[in-house]
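> sharing a model that was predicted from the sequence below.
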Amino acid sequence: MAIEVRIPTILRNYTGGAKSVEGSGDTLASLIADLESRHSGLQERLVDDSGETAGLRRFVNVYLNDEDVRFLGGLGAPVKDGDTVTVLPAVAGGSR
Amino acid sequence: MLTLPGALRAAIIEHARADHPDEACGVIAGPAGSDRPRRFIPMTNAERSPTFYRFDSIEQLRVWREMDDAGEEPVVIYHSHTATEAYPSRTDISYASEPGAHYVLVSTRDPHAVEFRSFRIVDAVVTEEEVRAADDDLADAAPE
């Protein structure tokens, strides 16, 4: 009974090098909190709670199965056993 | 040093020129651990901007999954600057999230001259590197 979370290269220092970890929760937010309890520091790389409400960091893409969670409610997106959550840092940049 | 087949260098430049004045962006995948760019993958710039680029998030998921399934990794991540030099900007550096990749910058600010440079960006440190042509007919420059 678990949710698989696939971790990008740049965050594997929080998971001891593992490219995939397991967690549980009813929502993406509770899943991330669950991961944080075993992989300290990971939550801050995914969640920005500096404003009035916490939200996923803007340049981190989080997918629930095949969809971008931005369209599924963000941190409030419901998750369940058997789901796969994938994290990919956005590839972006600009002239400045 | 980046060793890059001529056909792939040409494909990057052609993409940058075609999307000018918007920034062009893409990936060249290669076998994981080989440091050999092989498969040209131009990406949609979801920002469609002359001063910013971002891979479309669902396209990125598809491409990253395909690379994973094929035992590949992003060897080159390229994008163009359309009015400034081919050097990583502050935003390029802050968003660089593939420490193993060669970051190729092309500038299309001068229609008669191409600026094509490559860099490593690791822990926010930029190091320019030489780009060497490789005679390699295994490279696939056809867009995926």
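Great, that's in hand.
> can you pull out the strands in the chain?
With no chain named, the answer covers chain A. A:3-6, A:20-23, A:47-48, A:55-56, A:60-64, A:67-68, A:84-89, A:92-94 (DSSP state E).
> think we crossed wires, I meant chain B
B:2-5, B:25-31, B:39-43, B:52-54, B:72-81, B:102-107, B:115-122, B:125-129, B:131-134.
> possible to save those strands as a markdown table with mean pLDDT and distance to chain A?
Using the backbone N, CA and C atoms, a C-beta is placed for each residue, glycine as well. Output for the strands of chain B, formatted as a markdown table (pLDDT from 0 to 100; distance: least, CB to the nearest CB, whole Å):
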| stretch | mean pLDDT | distance to chain A |
| --- | --- | --- |
| strand B:2-5 | 97 | 18 |
| strand B:25-31 | 98 | 7 |
| strand B:39-43 | 98 | 8 |
| strand B:52-54 | 97 | 4 |
| strand B:72-81 | 98 | 5 |
| strand B:102-107 | 98 | 9 |
| strand B:115-122 | 98 | 10 |
| strand B:125-129 | 98 | 12 |
| strand B:131-134 | 94 | 19 |
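> tell me the contacts of residue 66?
Here I'm looking at chain A. A:Asp66 sits next to B:58, B:61 when contact means CB atoms under 8 Å, 6 or more residues apart in numbering or on different chains.
> sorry, should have said chain B
B:Glu72.
> which residues touch the most centrally placed residue in chain B?
Taking CA atoms, centre = their mean, the centroid of chain B lies closest to B:Tyr78, which sits 1.6 Å from it. Shown in contact with B:Tyr78 (CB under 8 Å, 6+ apart): B:12, B:24-28, B:103-106.
> at 6 Å what do you get?
Listed by CB atoms under 6 Å, 6 or more residues apart in numbering or on different chains, the contact partners of B:Tyr78 are B:12, B:26, B:104.
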